[in-house]
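**Student:** give me coordinates for this.
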Amino acid sequence: MIKEDGLPVGLGFGLAMNEKALGQFSMMTEDEKRQVIDAARGAQTKEQMAQIVKDIADMEFF
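**Tutor:** Numbers count the residues shown, from 1 in each chain. Below is the predicted model of the structure:
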């Protein structure tokens with residue numbers, strides 16, 4: 001479960017605006033979610049955050 005420090009605002013907003021990315025994120029393991037959150041915390045521009053959300057949306061789970 002995601003701890004009290006939660007999602008970075010930019011990631012949360014990006015997921016809320018991209019239904020596919022939100023669905024993909026919800027299918028990730030807790031470890032995968034933590035890796036994404038850590039990457040999002042390191043994003044320094046809107047473009048980097050947008051790329052993280054796009055990458056999530058482009059993932060395929062089987």
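
**Student:** every contact and neighbour count from this point should use C-alpha atoms.
**Tutor:** Fine.

**Student:** just the helices from the protein, written as ranges.
**Tutor:** 9-17, 19-27, 30-42, 46-57 (DSSP state H).

**Student:** make JSON lines out of these and add mean neighbour count and mean pLDDT.
**Tutor:** JSON lines is the format used below for the helices of the chain (neighbours: other Cα atoms under 10 Å; pLDDT from 0 to 100):
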{"stretch": "helix 9-17", "mean neighbour count": "16", "mean pLDDT": "96"}
{"stretch": "helix 19-27", "mean neighbour count": "16", "mean pLDDT": "96"}
{"stretch": "helix 30-42", "mean neighbour count": "15", "mean pLDDT": "96"}
{"stretch": "helix 46-57", "mean neighbour count": "17", "mean pLDDT": "97"}
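
**Student:** relative to Q24, how far out is E60?
**Tutor:** Look at E60 and Q24: by Cα to Cα, to the nearest Å, they are 8 Å apart.

**Student:** can you give me the distance of the closest residue to I37 other than its chain neighbours to L22?
**Tutor:** Distance criterion Cα to Cα, 6 or more residues apart in numbering; nearest residue to I37, sequence neighbours excluded, is L7 at 6.4 Å. Distance of L7 to L22, computed by Cα to Cα: 12 Å.

**Student:** quick one: contacts of stretch 34-49?
**Tutor:** For stretch 34-49, the external contacting residues (Cα atoms under 8 Å, 6 or more residues apart in numbering) are I2, L7, P8, G10, L11, G14, I52.
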